[in-house]
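>>> Here is a sequence together with a model predicted from it:
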Amino acid sequence: MTDQLVHPGDPGNTRLAAVGVAVNLLWCVPGQVGGSEEYLVRQLTGLAAQRSEFLPTLYVVPAFVDAHPDLAEVFPIAVAGVSGSDRPRRVLAEHTWLRRRTRSAELVHHGGGTVPAVGTRPALLTIHDLQYLSHPEYASRRKLRYLRRMVPRSVRRAAVVATPSEWVRATVIDSFGVDAERVVVVPHGVEATIGADAPSEFELRRDYGLGAGRVVVFPAITHPHKGHEFLLDVMARHWDDPDLRLVLLGGAGSADRQVEAKIAALGLDRRIVRPGRVPATHRDGLIALADALVFPSEYEGFGAPVVEAMALGTPVIAADQPAVVEVLGDAGIVVARDLDAWAGVLETAVDRRAELIALGRRRALEYTAVKSGAALAAAYRRALQ
């Protein structure tokens with residue numbers, strides 16, 4: 001290695017051997033990939049905030065640069081001439097354009113769950129979850145065929161596999177017979193400034209039509225496993241306060257039409273607020289003002305909104321999904337995914353608000369962007385051993 005990385009603030013101007021890392025983010029189409037987008041963005045932000053020998057170059061689609069200008073100011077960016085939404089074209093770009101441009105990298109980090117069939121550099125593979133194994137009904141036949149073929153092959157090709165939680169790590173090891181030493185946890189982490197630039201509660205209630213009553217927030221793209229329809233049934237059957245507003249944040253997923261139809265069928269139009277994907281500052285503000293963040297998902301690899309809520313001082317009510325239980329610990333209310341079990345949990349969250357806020361803020365300190373970046377750097381080092 002010929003380059004040297006100098007940290008001006010280091011005593012004695014300490015030098016570290018600079019390691020070039022190519023980060024494949026061609027899969028990351030802003031607004032379409034769910035929590036995995038923020039997962040990688042926050043990791044990289046955390047990596048940039050600390051002393052490290054790694055020099056990442058990000059390989060992205062055009063929309064990524066517009067969505068994350070802060071990263072473009074920190075890291076070199078190479079923009080591909082593909083949108084990322086068309087999987088065959090994206091895969092072709094990984095095998096041609098990306099391969100040519102990453103020949104000099106000492107490590108290639110594939111953040112989207114698969115590794116291209118070509119490439120000679122050591123690879124770190126991030127697997128966000130293995131939902132296709134436990135819930136194949138939620139994937140199209142085409143996508144299912146692709147994942148069944150590519151994920152096992154990718155795990156074999158990777159020097160190290162990174163997962164967001166111990167639960168996903170154990171699932172990877174058990175599903176593919178991987179040496180446990182090759183699978184590491186790189187957790188989600190939120191930035192220390194989360195919520196600092198949020199609009200006031202008055203502005204948010206006014207602009208989003210929330211009224212003066214209680215508010216619960218569920219930030220998730222409308223994919224079927226997220227539990228939007230379950231939550232609507234809870235609203236209709238048990239949470240019947242006419243002034244209560246359920247705010248559904250996030251983009252339109254594969255179950256969006258069913259969710260819209262169910263809102264109408266249950267007569268919930270006035271009590272459901274659907275602003276879609278909102279600016280991060282507004283998302284943080286809406287979570288912070290809420291009486292609770294609700295998270296009824298039946299499958300998660302981590303559950304980043306849970307950490308966001310804890311960091312923002314909002315009680316969490318979540319379904320008893322293993323990865324979410326792992327992250328939440330005793331800092332929130334965990335409920336079986338049963339309609340009647342959810343009947344009184346909102347009142348419980350309101351009654352325990354001060355206690356849950358204190359527990360949540362303490363728990364959130366375990367999940368910071370800096371810690372996530374440090375775990376990513378450790379994973380890079382292991383992959384290069």
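Great, that's in hand. Numbers count the residues shown, from 1 in each chain.
>>> By mean pLDDT, flag the weakest helix or strand of the chain.
strand 4-6 (a mean of 34; mean pLDDT, DSSP states H and E).
>>> domains of this protein?
What automatic domain parsing lists as the domains of the chain is 4-189+369-383, 201-364.
>>> And these: which comes nearest G195?
domain 201-364 (4.3 Å; CB to CB). Heads up, the C-betas are built off the backbone N, CA and C, glycines and all.
>>> State the helix or strand in which T57 lies.
Per DSSP states H and E: T57 is located in strand 54-60.
>>> Please name the strands paired to that strand in the sheet, noting orientation.
Counting by DSSP bridges, the strands paired with strand 54-60 are strand 19-24 (parallel), strand 77-79 (parallel).
>>> how about these in TSV, adding mean pLDDT and mean neighbour count?
Shown next, in TSV, are the strands paired with strand 54-60 (pLDDT from 0 to 100; neighbours: other CB atoms under 10 Å):
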stretch	mean pLDDT	mean neighbour count
strand 19-24	96	24
strand 77-79	95	16
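>>> quick one: which of these is nearest V217?
When the strands paired with strand 54-60 are compared by CB to CB, strand 19-24 sits nearest V217, at 31.1 Å.
>>> Next SSE downstream of the helix or strand L92 falls within?
Taking DSSP H and E as the definition, one finds L92 inside helix 87-95. As assigned by DSSP H and E, the chain's next helix or strand after helix 87-95 is helix 97-101.
>>> ok, residues contacting that next one?
A22, N24, L26, Y59, A78, A80, G81, V82, P116, V118, G119 (CB atoms under 8 Å, 6 or more residues apart in numbering).
>>> now swap in stretch 233-240 and tell me
216, 244, 246, 266-268, 271-272, 296, 339-340, 342-344, 346.
>>> Let me see the confidence value for T96.
pLDDT for T96: 93.
>>> ok, it - how many residues close by?
12 (other CB atoms under 10 Å).
>>> tell me the contacts of it?
T96 neighbours (CB under 8 Å, 6+ apart): none.
>>> ok, now how distant is it from S83?
T96 sits 16 Å away from S83, going by CB to CB, to the nearest Å.
>>> likewise G373?
28 Å.
>>> surely L289 meets R206?
No: counting by CB atoms under 8 Å, L289 does not reach R206; the two are 11.8 Å apart.
>>> Could you check which of the two has the larger neighbour count?
Remark: of L289 and R206, L289 carries more neighbours, 21 against 12, as counted by other CB under 10 Å.
>>> quick one: that one from H128, how far?
From L289 to H128 the distance is 29 Å (CB to CB).
>>> ok now the helix or strand where L376 lies, how far from the chain's centre?
Assigned by DSSP H and E, L376 falls within helix 369-383. In terms of CA atoms, centre = their mean, to the nearest Å, the centre of helix 369-383 is found 16 Å from the chain centre.
>>> same check, this time on stretch 304-320
Counting by CA atoms, centre = their mean, stretch 304-320 comes out at 13 Å from the chain centroid.
>>> Mind checking the pLDDT average for that stretch?
Throughout stretch 304-320, pLDDT has a mean value of 97.
>>> Turn the domains of the chain into JSON lines, columns for distance to G195.
Formatted as JSON lines, the domains of the chain follow (distance: least, CB to CB, whole Å):
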{"stretch": "domain 4-189+369-383", "distance to G195": "14"}
{"stretch": "domain 201-364", "distance to G195": "4"}
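>>> which stretch in those has the least confidence?
Across these, the lowest-scoring stretch is domain 4-189+369-383, with a mean of 90.
>>> immediately after the longest helix anywhere in the chain, which helix or strand?
Assignment by DSSP state H gives helix 141-157 as the longest helix of the chain. Next along the chain after helix 141-157, taking DSSP H and E as the criterion, comes strand 160-163.
>>> helix or strand right after that following strand?
Taking DSSP H and E, what comes next after strand 160-163 is helix 166-176.
>>> List buried residues within the contacts of helix 97-101.
A22, N24, L26, Y59, A78, A80, V82, P116, G119 (16 or more other CB atoms under 10 Å).
>>> Quick check: the fifth one vs P122, distance?
Meaning A78. 19 Å.
>>> And the third one, by the same measure?
When CB to CB is applied, the distance between L26 and P122 equals 19 Å.
>>> and the contacts of stretch 233-240, which two are the farthest apart?
Longest span within the contacts of stretch 233-240, CB to CB: G267 and G344, 22.4 Å.
>>> and for stretch 370-385, what are the contacting residues?
So stretch 370-385 is contacted by 19, 21, 42-50, 52, 54, 106-107, 109, 122-124, 158-160, 162, 184-189, 192 (CB under 8 Å, 6+ apart).
>>> List the buried residues for that stretch?
Of the residues in stretch 370-385, those buried (16+ other CB under 10 Å) are V370, K371, S372, G373, A374, A375, L376, A377, A379, Y380, A383.
>>> could you measure the third one against L47, distance?
Read it as S372. Taking CB to CB, one finds S372 at 8 Å from L47.
>>> Equivalent analysis for the second one, please.
Between K371 and L47 the computed distance is 11 Å (CB to CB).
>>> And for the fifth one?
With distances taken as CB to CB, A374 is found 8 Å from L47.
>>> before we move on, the earlier item: out of the contacts of stretch 370-385, which end up buried?
Of the contacts of stretch 370-385, these count as buried by 16+ other CB under 10 Å: 19, 21, 42-49, 52, 54, 106-107, 109, 122-124, 158-160, 162, 184, 186-189.
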